[in-house]
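Q: Sharing a model prediction with you, sequence too.
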Amino acid sequence: MILEVKDLQLDFGGVRAVDGLGFSVGESEIVSVIGPNGAGKTSAFNCASGFYKPTAGSIRLAGEQVAGLRPSAIAARGLARTFQNLRLFGDLSVLDNVRAGTHLWLRQSALDALLHTPRYRRSERESSDEAHKWLDFVGLRGDRAGLARHLPYGEQRRVEIARALARRPKLLLLDEPAAGLNRGEKTELLALIRRIRDLGVAIALIEHDMSLVMEVSERVIVLNFGKEIADGTPEDVRRDPAVIEAYLGRDAADAEIHAARTELAGEGAQHA
Ligand SMILES: Nc1ncnc2c1ncn2[C@@H]1O[C@H](COP(=O)(O)OP(=O)(O)OP(=O)(O)O)[C@@H](O)[C@H]1O
């Protein structure tokens with residue numbers, strides 16, 4: 001397992017956002033984390049990536065305990081993420097935004113930078129080459145010298161993914177990557193997620209677009225009130241009464257279960 005979360009708890013004053021949560025993500029696996037609004041999905045991601053310090057629990061990244069470490073320390077151990085609301089440096093160029101991701105592993109000393117030594121110039125070139133490589137990978141064809149904030153929204157999202165990949169992660173967390181994308185862009189995103197996985201990077205995504213979730217995920221984890229209520233293949237989860245109830249409420253869940261039973265009874269009668 002690349003990520004193993006156990007007994008995770010996060011309290012905000014009186015609100016228990018995450019309540020004894022456990023889940024795992026395997027190497028090169030595509031896992032979606034879904035659940036109604038306020039279920040604790042982003043809170044769990046924020047704990048895993050170090051943006052929130054959990055109240056209790058264990059988070060192991062590639063076997064190493066990372067709960068409570070700073071975001072940069074967790075990033076250095078192989079976790080990269082994107083955000084629900086884009087967090088690009090709007091006043092930097094597209095290229096420099098992605099180059100920022102390479103600084104996690106680029107070896108540069110302050111003295112080299114100050115004196116512009118050949119070693120510094122070499123590493124700057126390496127950083128640019130790597131950034132171009134990831135911008136190619138995410139399919140960003142336009143001007144890379146222009147400001148990031150001048151790009152259309154869908155392309156800014158791709159730059160954010162390119163920056164995360166430039167960190168050379170083992171696990172990539174995507175928080176609502178399809179939000180605000182049009183149909184064509186969603187199809188491209190789906191293919192991009194698969195290509196990232198094919199590089200050997202595990203992916204966990206929070207997503208509200210159910211058709212994307214059902215198509216791209218190998219496994220779906222469902223949260224409600226800070227707890228895991230289901231974990232299985234998209235097909236299993238779609239039929240799970242607890243999941244239907246969490247999304248639609250008890251009456252609708254009863255109606256669905258009743259409909260399913262009637263359908264099954266009908267099939268039984270036909271076969272009799
Ligand atoms: N900074 C915060 N301060 C106080 N309460 C918070 C904070 N962040 C989240 N919460 C609360 O924690 C709970 C879980 O929120 P969280 O944003 O993790 O849910 P979510 O599943 O990601 O929801 P959504 O799908 O709407 O993004 C909610 O009750 C929310 O109001």
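A: It's in.
Q: domains for the chain, by residue range?
A: Using automatic domain parsing, the domain parsing of the chain gives 1-78+169-234, 89-167, 240-272.
Q: ranking these by burial, who's on top?
A: Burial of the domains of the chain is given as mean neighbour count (mean count of other C-beta atoms under 10 Å); domain 1-78+169-234 ranks first at a mean of 18. The way it works is simple: take the backbone N, C-alpha and C, and place the C-beta from them, glycine included.
Q: mind checking the end-to-end distance for that one?
A: Domain 1-78+169-234 has an end-to-end distance of 20 Å (criterion: C-alpha to C-alpha, to the nearest Å).
Q: do the same with stretch 48-66
A: Using C-alpha to C-alpha, first and last residues of stretch 48-66 are 8 Å apart.
Q: Mind listing residues that contact that stretch?
A: Identification of contacts with stretch 48-66 by C-beta atoms under 8 Å, 6 or more residues apart in numbering yields 1-11, 18, 20-21, 43, 46-47, 67-75, 77-79, 81, 170-171, 173.
Q: Keep only those of the residues you listed that are in helices.
A: Those of the contacts of stretch 48-66 mapping onto helices are Ser43, Asn46, Cys47, Pro71, Ser72, Ala73, Ile74, Ala75, per DSSP state H.
Q: Restricting to those, which residues neighbour the ligand?
A: Residues shared between the ones in helices among the contacts of stretch 48-66 and the neighbourhood of the ligand are Ser43 [C-beta under 6 Å from any ligand atom].
Q: can you list the ones in helices among the contacts of stretch 48-66 in JSON lines and add pLDDT?
A: Shown next, in JSON lines, are the ones in helices among the contacts of stretch 48-66 (pLDDT from 0 to 100):
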{"residue": "Ser43", "pLDDT": "96"}
{"residue": "Asn46", "pLDDT": "96"}
{"residue": "Cys47", "pLDDT": "97"}
{"residue": "Pro71", "pLDDT": "94"}
{"residue": "Ser72", "pLDDT": "92"}
{"residue": "Ala73", "pLDDT": "94"}
{"residue": "Ile74", "pLDDT": "96"}
{"residue": "Ala75", "pLDDT": "93"}
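Q: out of the ones in helices among the contacts of stretch 48-66, who's nearest the ligand?
A: Ser43 (3.2 Å; C-beta to the nearest ligand atom).
Q: before we move on, back to that, and the domains of the chain, which one is worst for confidence?
A: Comparing mean pLDDT across the domains of the chain, the weakest is domain 240-272, with a mean of 70.
Q: hang on, the earlier thing: looking at the ones in helices among the contacts of stretch 48-66, spot the one nearest Thr262.
A: Among the ones in helices among the contacts of stretch 48-66, Ser43 lies closest to Thr262 (C-beta to C-beta), at 39.0 Å.
Q: contacting residues around the closest one?
A: With C-beta under 8 Å, 6+ apart, Ser43 has these contacts: Leu10, Ala17, Val18, Tyr52, Gly226.
Q: Greatest separation within those residues: which pair is it?
A: Taking C-beta to C-beta, the two most distant members of those are Tyr52 and Gly226; they sit 12.8 Å apart.
Q: what is in contact with those two at once?
A: In contact with both Tyr52 and Gly226: Leu10, Ser43, using C-beta under 8 Å, 6+ apart.
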